[in-house]
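In: predicted model, plus sequence, below.
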Amino acid sequence: MFHHKKIVPNIFQKLNRFNSSIAPKLPQNDFIPEKYSGLSLEEMAHIRRTRLNPALTTYYQSPIAFNQGYKQWLFDINGKRYLDMFGGICTVSVGHSHPKITEALEKQIRKLGHVSNVYFHPKIHEYAYRLTEKFPGDLKVVYFVNSGSEANDLAVLMARAYSKNFDIITLKNCYHGMTYQTMSLTSNASYKYAVPQAPGVHHVMNPDVYRGCWGGAHCRDSPIQTSRNCSCSLTNCEAKDKYVNEVLDVFKYSIKPGTLAAFFAESIQGVGGVIQFPKGYIKKVYDIVKENGGVFISDEVQSGFGRTGEHFWGFEAHDIQPDIVTMAKGIGNGFPLAAVVTRPEIAQALTSSMHFNTFGGNPLACTVGLAVLDIIEEEKLQENCSKVGTYLLKELEKLKRKYRTIGDVRGKGLLVGVELVNNDDISSPLNNDKFSKIWESCRNLSLIFGRGGLKGNVLRIKPPMCVTKEDIDYTINVLDTVLEQTENS
């Protein structure tokens, strides 16, 4: 054990607190966490500074060290309980430490922890069948990998091998990973290193109906619309056509028509701030991709597995069937598991050489994946996302009408973003100091959010899909309390 003096103790001082008589009360919970007896917060901080990756992002001025999780709850090393409305960056899908996953994993690891996929083992075959049955049409071949970045990297190789073309289009503001190649797909300077980017990637205008050039109050497939006026009607989104023209321009100036390898898009942009596209945009782009020899790749890393409520996969809301689908995060409820699903003829393109992944599809990962599918179905979590998520969005819209700090509320199901601005000014994202004050105040009231968007001014709300109406009421009460204090201070 370490015995050094406390390092920079001020960062561990308590931040501003609300009067306990007016602070919202956490929903009832009878779970009792185990008593913690490990490293102190100061000891962890020292190791993090001296022995861990120095580029690691640490949330909050006074870091939280979590010891245990249960369903939608997290407990720090002092036993304090938090409502997790971020789900480990949209990763905890069915709830922290779900007993069915724990039991299945323990049973499997006692039997067989790992063999290479050059051998047969039952779990990879069971899971491959169950997972691909969730897809429409001939999307029936799966490659198992370990992370979303790895899945997207493989999808690039697959698209180029199949199409025999090289150029790929992605949207500005997107995030597809941090490997060398997926960093090039990503279009956000915060995730770019000053090194030559992988060639052949073109970024087109992001069809953002809140901050973009076109779109407004009739454009999103969401229970909540932006308050920005537009000329679109309820039945015809003119904005989508203008954004589509920006895609067509690429074939005038950058890519020879007919030589596209792939178009890459998230169904709803996650890291970029939960950005939703105009209705009909993806469907029109899909047709352009086909006309130019490419495949359409749908990144479902954050929007898959029922999180949007209405559909199991985000792409279904766009009325398309992609050629390749990538997925991670919620697929394993936090276990390192990811996948690429495609059509048989596209999968066949990778047989021209050897393709191998040591850990992808190992018995433990597939056991967890199967349990996650079971839980989503048995506990009706997709339906819960629709019901509870819609309730959350509508309650957030009420707060938007009350506080000028909220510029936009958007999303579907339990994939939600709240953009914070200065006095309802769309052109003025809330600065970091003001955003952090709100964020920290919510944390002090045991409410955990993520943050995202190009300027880091979007509350990212992506909780475990088992959250309840009572949890949403608490979330709204906390935000109401914090925003009222913030705007009146």
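Out: Good, I have the coordinates.
In: mind listing what's buried along the lowest-mean-pLDDT helix or strand in the chain?
Out: Every helix and strand in the chain was compared by mean pLDDT, DSSP states H and E; the lowest is strand 425-429, with a mean of 87. Buried residues in strand 425-429, counted by 16 or more other CB atoms under 10 Å: Pro429. Bear in mind the C-beta positions are built from the backbone N, C-alpha and C, glycine included.
In: same check on stretch 390-405?
Out: Buried residues in stretch 390-405, counting neighbours by 16+ other CB under 10 Å, are found at 390, 392-393, 395-397, 399-400, 403, 405.
In: also stretch 247-257?
Out: By neighbour count on 16+ other CB under 10 Å, the buried set for stretch 247-257 is 247, 250-251, 255.
In: pull the helix or strand harbouring Asp287 out as PDB, backbone CA atoms only.
Out: For Asp287, the host element (DSSP states H and E) is helix 281-291. What follows is helix 281-291, C-alpha atoms only, in PDB (Å, rounded to 0.1, in the frame of the first residue of the first chain):
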ATOM      1  CA  TYR A 281     -31.900  12.700 -45.400                       C
ATOM      2  CA  ILE A 282     -30.300   9.300 -44.800                       C
ATOM      3  CA  LYS A 283     -32.700   7.600 -47.200                       C
ATOM      4  CA  LYS A 284     -31.700  10.000 -50.000                       C
ATOM      5  CA  VAL A 285     -28.000   9.700 -49.300                       C
ATOM      6  CA  TYR A 286     -28.400   5.900 -49.300                       C
ATOM      7  CA  ASP A 287     -29.600   6.100 -52.900                       C
ATOM      8  CA  ILE A 288     -26.700   8.400 -53.900                       C
ATOM      9  CA  VAL A 289     -24.200   5.900 -52.300                       C
ATOM     10  CA  LYS A 290     -25.700   3.100 -54.400                       C
ATOM     11  CA  GLU A 291     -25.600   5.100 -57.600                       C
END
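In: in its sheet, what does the helix or strand just after it sit against?
Out: Past helix 281-291, further along toward the C-terminus, the next helix or strand under DSSP H and E is strand 295-299. Here strand 295-299 is paired, per DSSP bridges, with strand 260-266 (parallel), strand 324-327 (parallel).
In: adding mean neighbour count and distance to Asn431, write those out as CSV.
Out: CSV is the format used below for the strands paired with strand 295-299 (neighbours: other CB atoms under 10 Å; distance: least, CB to CB, whole Å):
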stretch, mean neighbour count, distance to Asn431
strand 260-266, 27, 27
strand 324-327, 28, 34
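In: tell me which of these lies nearest to Phe449.
Out: Counting by CB to CB, Phe449 lies closest to strand 260-266 out of these; the figure is 19.8 Å.
In: what's the angle between that closest one and helix 281-291?
Out: Angle, strand 260-266 to helix 281-291, by axes from the mean of the first three to the mean of the last three CA atoms, to 10 degrees: 160 degrees.
In: what does strand 260-266 rub up against?
Out: Applying CB atoms under 8 Å, 6 or more residues apart in numbering, the contact partners of strand 260-266 are 152, 155-156, 159-160, 163, 165-171, 174-176, 185, 200, 251, 272, 282, 285-286, 288-289, 292-303, 314, 324.
In: give me the below-cutoff pLDDT ranges for the stretch 151-300 of the chain.
Out: Filtered on pLDDT under 70, the stretch 151-300 of the chain yields no residues whatsoever.
In: can you give me the distance of Cys442 to Tyr82?
Out: 10 Å (CB to CB, to the nearest Å).
In: TSV for the buried residues of stretch 390-405, including pLDDT?
Out: Output for these, formatted as TSV (pLDDT from 0 to 100):
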residue	pLDDT
Thr390	98
Leu392	98
Leu393	98
Glu395	98
Leu396	98
Glu397	98
Leu399	98
Lys400	97
Tyr403	96
Thr405	96
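In: in helices only, show me those residues.
Out: Mapping these onto helices (DSSP state H) picks out 390, 392-393, 395-397, 399-400.
In: just name the closest of those residues to Lys35, please.
Out: Closest approach to Lys35 among those (CB to CB): Leu392, at 33.5 Å.
In: can you tell me how far the closest one sits from Leu479?
Out: From Leu392 to Leu479 the distance is 11 Å (CB to CB).
In: likewise for Lys172?
Out: Per CB to CB, Lys172 is found 29 Å from Leu479.
In: now swap in Lys400 and tell me
Out: 10 Å.
In: repeat that for Tyr193.
Out: Remark: distance between Tyr193 and Leu479 (CB to CB) = 35 Å.
In: tell me which of the two has more neighbours.
Out: Leu479 (26 against 10; other CB atoms under 10 Å).
In: now do the helices in the stretch 201-350 of the chain.
Out: With helices called from DSSP state H, counting those that start in this stretch, the stretch 201-350 of the chain shows them at 238-253, 281-291, 344-347.
In: please point out which parts of the second one sit buried.
Out: Pointing back at helix 281-291 there. Across helix 281-291, burial judged by 16+ other CB under 10 Å covers 281-282, 284-286, 288-289.
In: okay, angle between that helix and helix 238-253 too, please.
Out: 30 degrees.
In: give me the residues contacting helix 281-291.
Out: In this structure, residues lying in contact with helix 281-291 by CB under 8 Å, 6+ apart are 169, 207, 237, 240-241, 243-244, 247-248, 258, 260, 262-263, 265, 267, 295-296, 315, 318-320, 322.
In: okay, which residue is most central for the chain?
Out: The centroid of the chain falls nearest to Gln302 when counting by CA atoms, centre = their mean (3.4 Å).
In: wait, that one touches Cys90, no?
Out: Yes - using CB atoms under 8 Å, Gln302 is in contact with Cys90, at 4.5 Å.
In: which neighbours do the two share?
Out: By CB under 8 Å, 6+ apart, the residues touching both Gln302 and Cys90 are 270, 329-330, 415, 462.
In: inside strands: which ones of the residues you listed?
Out: When DSSP state E is applied, the shared contacts of Gln302 and Cys90 are split such that Leu415 fall in strands.
In: now, among the shared contacts of Gln302 and Cys90, which is nearest to Arg48?
Out: Among the shared contacts of Gln302 and Cys90, and counting by CB to CB, the member closest to Arg48 is Lys329, at 23.5 Å.
In: in ChimeraX, how would I select just the buried ones from the contacts of helix 281-291?
Out: Only the buried entries of these go into this ChimeraX selection, using 16+ other CB under 10 Å:
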select :169,207,237,240,243,244,247,260,262,263,265,267,295,296,315,318,320,322
